[in-house]
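here are the coordinates; sequence isn't available:
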């Protein structure tokens, strides 16, 4: 039996003896480790920090991603490797694949998702609408790119941007030089994207197994402030059957093209009842944290199931008529006792040291109606400083 089946064989032969290697040890790794624990699966997270919070709930391996000194030690006894962070060096994934350990999702998915130009080219090749976009590596090229996509536009680094970092909205031609000064030194170049006058941002969380089986979670509506996700609600209000079907079609196309195994999120702009591609997240996603309490199978459990070759679980709501929300806790934590007094509220604390702009936890909120959900989310938000 080949390496691609080794994790499945180990799981089937000895419940609890499988070890899942996770590249990244932040809160996503922590929640993956918790989901794996429920399935009797041991985890070993690799992070570059000794205080990585995933180490609270599973094994922690500390090493440099770019120049690993202890790769053999990490892989010893590991059956399958996955990622909780899309910026793991592709060269590291390729080396692990060369050593015969399955990496799910594989290096192809991360190579595409790490580059905004490559991911938009992929979307276009699959017939998914995208904003106008042009790549630029010099100030002159950026000036030409802005002229081509039109003003206003959004200029982003091709790599490494997240939570609003690495991007600037350009509204006047005179602002291009300052934009280049702020972002132009970034390795990998820039991309100018046409501004999308969207009504709201939606995301779809999807899972694909080794056998190609797929599951789609209900569409999520996302609210951002300062470039950081603040609130997600699901199912998104007022989504037509056509929009839901297109979102699933787009996600299925991306999963297949990347030969993807695991959970993936696609962020989409809704414009006049149509969907426009924003970006891919090749991992479990912040906008899917509500699934821990509101879904029959959370995104974290389905990711673990997928990468180990196990059957995927139901991605529907835990019960008919349930509405769910997620409130991010940024920079500081509210009084836990006050949160837990709110009906339907579930507190998830990542045990991180407080810091401005840092995601320290989230609160999931469940309710029987949209109105009740928004009332309860308002109560949670009222506790935040």
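Nice, I can see it. Bear in mind that the values here come from a model prediction, so they are computed numbers and not experimental data.

Now do the strand or helix carrying residue 124: distance to the chain's middle.
Here residue 124, judged by DSSP states H and E, is contained in helix 116-125. How far helix 116-125 lies from its chain's middle: 17 Å, per C-alpha atoms, centre = their mean, to the nearest Å.

buried stuff in that helix?
Neighbour counts using 16 or more other C-beta atoms under 10 Å place 116, 117, 119, 120, 122, 123 of helix 116-125 among the buried residues. Every C-beta, even on glycine, is put in place using the N, C-alpha and C of the backbone.

Verify the contact between residue 126 and residue 253 for me.
Yes. The criterion here is C-beta atoms under 8 Å, and residue 126 meets it with residue 253 at 4.2 Å.

Quick check: longest helix in the chain by residues?
Of all segments of type helix in the chain, defined using DSSP state H, the longest is helix 241-257.

re the thing from before, check which helices and strands the helix or strand just after the helix holding residue 124 sits against.
Using DSSP H and E, the helix or strand that follows helix 116-125 towards the C-terminus is strand 133-136. The elements that strand 133-136 packs onto, with contact taken as 3 or more C-beta pairs under 8 Å, 6 or more residues apart in numbering; DSSP states H and E, are helix 116-125, helix 139-149, strand 190-194.

Centroid-wise, who is the farthest residue in this structure?
For the chain, the C-alpha lying farthest from the average C-alpha position belongs to residue 174; by C-alpha atoms, centre = their mean, that distance is 34.8 Å.

Look up how far residue 186 lies from it.
22 Å (C-beta to C-beta, to the nearest Å).

picking that back up, now the helices and strands packed on strand 133-136 in TSV, with mean pLDDT and distance to residue 347?
Putting the helices and strands packed on strand 133-136 into TSV (pLDDT from 0 to 100; distance: least, C-beta to C-beta, whole Å) gives the following:
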stretch	mean pLDDT	distance to residue 347
helix 116-125	98	34
helix 139-149	97	43
strand 190-194	97	37
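
can I get these in TSV with distance to residue 211?
Rendered in TSV, the data for the helices and strands packed on strand 133-136 read as follows (distance: least, C-beta to C-beta, whole Å):
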stretch	distance to residue 211
helix 116-125	23
helix 139-149	41
strand 190-194	35
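
and this structure, what are its domains?
Segmentation of the chain into domains, based on automatic domain parsing, reads 3-103, 132-194, 200-381.

now the end-to-end length of the longest one.
The straight-line separation of the ends of domain 200-381 (C-alpha to C-alpha, to the nearest Å) is 20 Å.

low-confidence ranges in this structure?
Within the chain, the ranges that satisfy pLDDT under 70 run 1-16, 161-164.

and the residue nearest the centre of it, what does it touch?
With distances taken as C-alpha atoms, centre = their mean, the residue of the chain nearest its centroid is residue 285 (3.0 Å). In this structure, residue 285 makes contact with 203, 205, 263, 265, 299, judged by C-beta atoms under 8 Å, 6 or more residues apart in numbering.

so how far is residue 212 from residue 38?
Applying C-beta to C-beta, one obtains 25 Å for the distance of residue 38 from residue 212.

about what we covered before: kindly reformat the buried residues of helix 116-125 as TSV containing distance to residue 353.
What follows is those, written out as TSV (distance: C-beta to C-beta, whole Å):
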residue	distance to residue 353
116	31
117	36
119	33
120	36
122	37
123	37
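
Am I right that residue 210 is in contact with residue 305?
No. Using C-beta under 8 Å, residue 210 is not in contact with residue 305, being 9.9 Å away.

More neighbours: these two, which one.
More neighbours surround residue 305 than the other of residue 210 and residue 305, with 25 against 20 (other C-beta atoms under 10 Å).

Quick check: closest non-adjacent residue to that one.
Distances taken as C-beta to C-beta, 6 or more residues apart in numbering put residue 312 closest to residue 305, at 5.6 Å, once the chain neighbours are dropped.

what's the burial count for the one you found?
Other residues near residue 312 come to 19 when the count uses other C-beta under 10 Å.

same question, residue 281
19.

ok so, going back, switch the domains of the chain over to CSV; also include distance to residue 110.
Shown next, in CSV, are those (distance: least, C-beta to C-beta, whole Å):
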stretch, distance to residue 110
domain 3-103, 6
domain 132-194, 11
domain 200-381, 6
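
Now do the SS call for residue 92.
Classification of residue 92 into helix, strand or coil gives helix, according to DSSP: H, G, I helix; E, B strand; the rest coil.

Could you check how far it is from residue 211?
In this structure, residue 92 and residue 211 are 27 Å apart, going by C-beta to C-beta.

related to what we said a few turns ago, the contacts of residue 285 in strands, which ones?
For the contacts of residue 285, membership in strands holds for 203, 205, 263, 265, with DSSP state E as the criterion.

Looking at the residues you listed, state which has the most neighbours.
With neighbours taken as other C-beta under 10 Å, the top of the ones in strands among the contacts of residue 285 is residue 263, carrying 34 neighbours.

Quick check: bridge partners of that residue?
Here residue 263 shows beta-bridge partners residue 207, assigned using DSSP bridges.

Touching, it and residue 302? I think so.
Yes. Checked against C-beta under 8 Å, the pair residue 263 and residue 302 is within contact range at 5.9 Å.

anything in contact with each of those two?
Going by C-beta under 8 Å, 6+ apart, residues that sit against residue 263 and also against residue 302 are residue 207.

before we move on, the earlier item: show me which of residue 92 and residue 211 is the more surrounded one.
A direct count of neighbours by other C-beta under 10 Å for residue 92 and residue 211 places residue 92 higher, at 22 against 11.

ok, back up a step: contacting residues around the longest helix of the chain?
Contacts for helix 241-257 (C-beta under 8 Å, 6+ apart): 122-123, 125-128, 202, 204, 206, 208, 212, 214, 216, 219, 260, 264, 266, 268, 270, 273-275, 277, 280.
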